[in-house]
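In: what follows is a predicted structure for the sequence shown.
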Amino acid sequence: MESTTTRAIVDALTKAIVEHRLQPGSKLAEQKLADHFGVSRTLVRQALFQLSQNKLIRLEPARGAFVAAPAVDEAKQVFAVRRMLEAEMTRAFVRSVTPAKIKALKEHVALEKAAVSGEDISGRTELLGDFHVRMAELMGNAVLAQILGELISRCALITLMYQSASAAEHSNDEHADIVKALAAKDEERAVRLMTEHLEHVEANLTFDRKVPTHDIALALA
């Protein structure tokens, strides 16, 4: 029962944060949350700890829990580095492409599509980012996979909080197009599609799309 209740609190707060109903930097008072959900502060603490593991909130000693504030400038720098790395990764992938690798990517794109269609916000964000890591893994380059994973995790929060459902769907479509170019061994087209895709993802992060609130009860209503 406790784990179910904790999951419900985590899901409700995640939804409020990613739908921009809570302002980054807002304090999440344990007692207010306990009153709102009709549960003990212990369950609220468990939920807040889980959210801190997902980087959606930060826990500060003696101060409490706060909605995380994504670093916009850092995300832009990460995208610049990713464009440099992934253009060359795409070239290398084309040169070592096999039917098995294409099959694996197609299966991944199908999982993305299901997450986007099912409005699984955190799931779609993770899968859309993992597409790029998967390419590196399929090439057998563990170092590149690790570097890409770290880069993507650095801008994961900002993507989670500022990528709209339509932009996520567009990303999934672009991944499918990239896979087609890879399967056709069309190196120039694949590189162009990958570069344009990363530019589109960055451009579609709508940093100013809503004016959220600091009021927990209003945000969770």
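Out: That came in fine, so what should we check first?

In: would you check how far apart the closest residue to Val67 other than its chain neighbours and His20 are?
Out: Distance criterion C-beta to C-beta, 6 or more residues apart in numbering; nearest residue to Val67, sequence neighbours excluded, is Ser26 at 4.5 Å. Every C-beta, even on glycine, is put in place using the N, C-alpha and C of the backbone. According to C-beta to C-beta, to the nearest Å, Ser26 and His20 sit 11 Å apart.

In: ok, these two, which is more surrounded?
Out: Shown here are Ser26 and His20; by other C-beta atoms under 10 Å, Ser26 has more neighbours (22 against 18).

In: which residues does Leu127 contact?
Out: Counting by C-beta atoms under 8 Å, 6 or more residues apart in numbering, Leu127 touches 108, 111-112, 115.

In: residue contacts, the residue most central in space within the chain?
Out: Nearest to the geometric centre of the chain sits Thr125, at 3.2 Å (C-alpha atoms, centre = their mean). By C-beta under 8 Å, 6+ apart, Thr125 lies in contact with 156, 159-160, 163, 168.

In: from the residues you listed, which ones fall inside strands?
Out: In strands, judged by DSSP state E, none of the contacts of Thr125 are found.

In: okay if I get these as a markdown table plus neighbour count, pLDDT and distance to Glu60?
Out: Converted to a markdown table, those look like this (neighbours: other C-beta atoms under 10 Å; pLDDT from 0 to 100; distance: C-beta to C-beta, whole Å):
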| residue | neighbour count | pLDDT | distance to Glu60 |
| --- | --- | --- | --- |
| Ala156 | 21 | 75 | 21 |
| Thr159 | 24 | 79 | 24 |
| Leu160 | 22 | 74 | 21 |
| Gln163 | 21 | 77 | 27 |
| Ala168 | 23 | 89 | 31 |
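
In: greatest separation within these: which pair is it?
Out: Farthest pair in the contacts of Thr125 (C-beta to C-beta) is Ala156 and Ala168. Separation: 13.1 Å.

In: the residue nearest to the centre of the chain and Leu138: what is the separation?
Out: Distance from Thr125 to Leu138, by C-beta to C-beta: 21 Å.

In: and the longest helix seen in the chain, which residues are buried?
Out: The single longest helix within the chain, with elements called by DSSP state H, is helix 72-95. For helix 72-95, burial by neighbour count (16 or more other C-beta atoms under 10 Å) applies to 75, 78-79, 82-83, 85-86, 89-90, 93-94.

In: what is the nearest of those residues to Asp177?
Out: Nearest to Asp177 out of those is Thr90 (C-beta to C-beta; 12.3 Å).

In: would you agree the closest one is in contact with Arg189?
Out: No: Thr90 is beyond contact range of Arg189, at 9.9 Å (criterion: C-beta atoms under 8 Å).

In: which outside residues touch stretch 62-72?
Out: So stretch 62-72 is contacted by 17, 22-30, 48, 51-52, 55-60, 157-158, 161-162, 207 (C-beta under 8 Å, 6+ apart).

In: ok, now stretch 74-84?
Out: With C-beta under 8 Å, 6+ apart as the contact definition, stretch 74-84 has outside contacts at 132, 148, 151-152, 154-155, 158-159, 195, 198-199, 201-202, 205.

In: quick one: which of these is nearest Lys103?
Out: For the contacts of stretch 74-84, the nearest to Lys103 is His132 (17.7 Å; C-beta to C-beta).
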